[in-house]
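Visitor: The following block contains a protein sequence and its predicted model.
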Amino acid sequence: MGQLLCGLKDYLFTKKSVRLLMIGLDATGKTSILYQLTLGELVTTIPTVGFNVETIQYQNVNFTTWDVGSRSKIRPLWAHYFQNLDALMFVIDSKDVERIEEAKDELWRVIRSAQLPLSTVILIMANKQDLPDALSVDEITKRLDLENIRSRSWHITGCSAVTGEGLYEGLDWLHFKLTGKATEEYIKKPMKEATNALFSNQN
């Protein structure tokens, strides 16, 4: 009985550690997202030249997170972080229409990389959704050609590093994919969407 209780305690309270890499074009808000998730507030950042490493603690998961510089000369170094990678967060500037094609090229270069484990799950964060004229998540999905990703598990969510909106929706998805357990908010989301759709249809 004691062993059973100890096993149950370990199952319920043991933290799972995972490796998360944050990349994307420069000036997309990666570092702002990182510190919004670790500190719960918006902090003043400067362009990342090397990398930042922080731990995002969420539910029963510790996300050891590398926020790596994104200038064009640094991008070839992203692959050095791919080994044993559990999750990859690719951040998009939803407002930067002129560079969406460049973002697509970089994302697909990563997706096709033989160095990226097939088990690595990919979360695309469409940041700056709080700004006027930002591309919608649906439009970004089309422009990045995400529907043609066949061999990898992926998800896209809109977010704002300024307000924090959408950030934990992304973490909920990562948590589910990496642990097999859905958070309460992850379970509630489809129910909320169905309810909103019902009322929208009635109006």
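Guide: Done, it's in.

Visitor: which residue ranges form the strands in this structure?
Guide: 16-24, 51-58, 61-68, 87-93, 121-127, 154-158 (DSSP state E).

Visitor: Let me have the ones you listed in JSON lines, adding distance to residue 31 and mean pLDDT as columns.
Guide: All C-beta atoms are positioned from the backbone trio N, CA, C, and that covers glycine. Output for these, formatted as JSON lines (distance: least, Cβ to Cβ, whole Å; pLDDT from 0 to 100):
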{"stretch": "strand 16-24", "distance to residue 31": "8", "mean pLDDT": "98"}
{"stretch": "strand 51-58", "distance to residue 31": "6", "mean pLDDT": "96"}
{"stretch": "strand 61-68", "distance to residue 31": "5", "mean pLDDT": "98"}
{"stretch": "strand 87-93", "distance to residue 31": "10", "mean pLDDT": "99"}
{"stretch": "strand 121-127", "distance to residue 31": "11", "mean pLDDT": "99"}
{"stretch": "strand 154-158", "distance to residue 31": "18", "mean pLDDT": "99"}
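
Visitor: Identify the bridge partners of the nearest residue to residue 137 once chain neighbours are set aside.
Guide: Leaving out its chain neighbours, the residue that sits closest to residue 137 by Cβ to Cβ, 6 or more residues apart in numbering is residue 158, at 4.5 Å. Note on residue 158: beta-bridge partners by DSSP bridges are residue 126.

Visitor: how about residue 121, what does it touch?
Guide: Residues in contact with residue 121 (Cβ atoms under 8 Å, 6 or more residues apart in numbering) are 86, 87, 88, 152, 153, 154, 155, 174, 177, 178.

Visitor: Show the buried residues in the residues you listed.
Guide: Neighbour counting by 16 or more other Cβ atoms under 10 Å classes 86, 87, 88, 152, 154, 155, 174, 177, 178 among those as buried.

Visitor: burial of residue 118, as a residue count?
Guide: Here the count is done by other Cβ atoms under 10 Å, and residue 118 has 8 residues near it.

Visitor: my guess is it meets residue 151, correct?
Guide: Yes. Checked against Cβ atoms under 8 Å, the pair residue 118 and residue 151 is within contact range at 6.3 Å.

Visitor: Quick check: residue 68 touching residue 79?
Guide: No. Judged on Cβ under 8 Å, residue 68 makes no contact with residue 79 at a distance of 10.5 Å.

Visitor: Of these two, which one has the most company?
Guide: residue 68 (20 against 14).

Visitor: Can you mark which positions in stretch 90-110 are buried?
Guide: Buried-residue list, stretch 90-110, by 16+ other Cβ under 10 Å: 90-96, 99-100, 103-104, 106-107, 110.

Visitor: what does stretch 22-38 give?
Guide: So stretch 22-38, judged by 16+ other Cβ under 10 Å, has buried residues 22-25, 28-38.

Visitor: For residue 24, see how far away residue 106 is.
Guide: Going from residue 106 to residue 24 by Cβ to Cβ, to the nearest Å gives 8 Å.
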